[in-house]
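[1] when you get a sec, could you give me coordinates for this:
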Amino acid sequence: VYRLGARFNHSCKPNVNRCWIESLQMELFHATQDISAGEELCVYYVDPKGLFSQRQAVLREDFNFTCRCGTCSLPEAQGAASDRLRQEYQDLDERAPKVAAEDPDEAVDLILRVLEIIQEEFDGDPHMAQRAFNDGFQFAVLAGDLDLAQSFLQRAHEAKVLAEGDHAESRELLKLAENPGLHPLVQASSASKAPGKAQTRFCEDFENTCSYCGPDTSCDKSKADHERASVQTVSSASTAASLDLRSLD
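    Numbering: from 1, shown residues only. Down below sits the predicted model:
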């Protein structure tokens, strides 16, 4: 289907993000870090958050090859450390929305740890970061901390631009970051004063949001489609290692 895009090889830590931009009606390949002359451009074919054995199994079954990228070729001790961080990421990512309804402050703390792992294990992957920042925004709204919520939304916008570039959807997110009172979740929270609907990944106004394509992106592709199309992204060093957003102005 995509004659150029089909030529990208796989890496479990790619340097290019692939995503569909609705406003452009275009499949976009966007560099997500500085790339040296002669360095291969790579996307990923499977969910890179998986453990080594999970990634290898899917790649062998669906694509008939064994990955020997830098991440998959780590020495045994480093590979085990990588898997521990990835397992912690998966556990926190699953737990945070479940605890948010009862204790949104704890959910925010979990998201801050998720962001630390994204920085440490995934080189600050901006696509993964924008998803985590979007979650943090919602949890902060539920906690009644609108200053923190705005900080999360600003970071979500920054990460979206790094992952996808500047386009209509990212500019719309910027408007919400500059005035979070326009966001449907903030409006709903202000109107009801009864938070407690964070048990799903996204608020009801974004129930069609795709966790692969990122916040504010509607998508009807299946998870398998996304994994085969390698719709997720790699990192940016601008996702700071110091991620205590509570200290932001």
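
[2] all helices of this structure, in order?
    When assigned using DSSP state H, the helices of the chain occupy the ranges 52-58, 76-100, 104-121, 126-143, 146-164, 168-178, 184-192, 223-229.

[3] what's the first one packed up against?
    Taking 3 or more CB pairs under 8 Å, 6 or more residues apart in numbering; DSSP states H and E as the contact definition, the neighbouring helices and strands of helix 52-58 are helix 76-100. The way it works is simple: take the backbone N, C-alpha and C, and place the C-beta from them, glycine included.

[4] so which of the helices of the chain is the most surrounded?
    For the helices of the chain, ranked by mean neighbour count under the definition mean count of other CB atoms under 10 Å, the leader is helix 126-143 at a mean of 28.

[5] okay, the angle between it and helix 146-164?
    Taking axes from the mean of the first three to the mean of the last three CA atoms, to 10 degrees, one finds that helix 126-143 is oriented at 160 degrees with respect to helix 146-164.

[6] pLDDT at the most centrally placed residue in the chain, what is it?
    When the chain is reduced to its mean C-alpha position, the nearest residue by CA atoms, centre = their mean turns out to be Met128, at 2.0 Å. Per-residue pLDDT puts Met128 at 91.

[7] next one: it from Glu102, what distance?
    Counting by CB to CB, to the nearest Å, the gap from Met128 to Glu102 is 26 Å.

[8] which residue packs closest to the residue nearest to the centre of the chain, ignoring adjacent ones?
    The shortest distance from Met128 to any residue that is not its chain neighbour, by CB to CB, 6 or more residues apart in numbering, is 5.0 Å, and that residue is Ile118.

[9] isn't the one you found up against Pro126?
    No - with contacts defined as CB atoms under 8 Å, Ile118 does not count as touching Pro126, sitting 9.1 Å away.

[10] helices and strands of this protein: which one has the lowest mean pLDDT?
    In the chain, the helix or strand scored least confidently by mean pLDDT, DSSP states H and E is helix 223-229, which has a mean of 37.

[11] okay, stretch 134-145 in CSV with CA atoms only?
    Included here for stretch 134-145 are C-alpha records, laid out as CSV according to Å, rounded to 0.1, in the frame of the first residue of the first chain:
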residue,chain,number,x,y,z
ASN,A,134,-2.7,12.8,28.4
ASP,A,135,-3.5,10.3,31.2
GLY,A,136,-1.8,12.5,33.7
PHE,A,137,-3.9,15.4,32.6
GLN,A,138,-7.1,13.5,33.2
PHE,A,139,-6.0,12.3,36.6
ALA,A,140,-5.0,15.8,37.6
VAL,A,141,-8.4,17.1,36.6
LEU,A,142,-10.0,14.4,38.8
ALA,A,143,-7.8,15.4,41.6
GLY,A,144,-8.9,19.0,41.2
ASP,A,145,-5.4,20.3,40.4
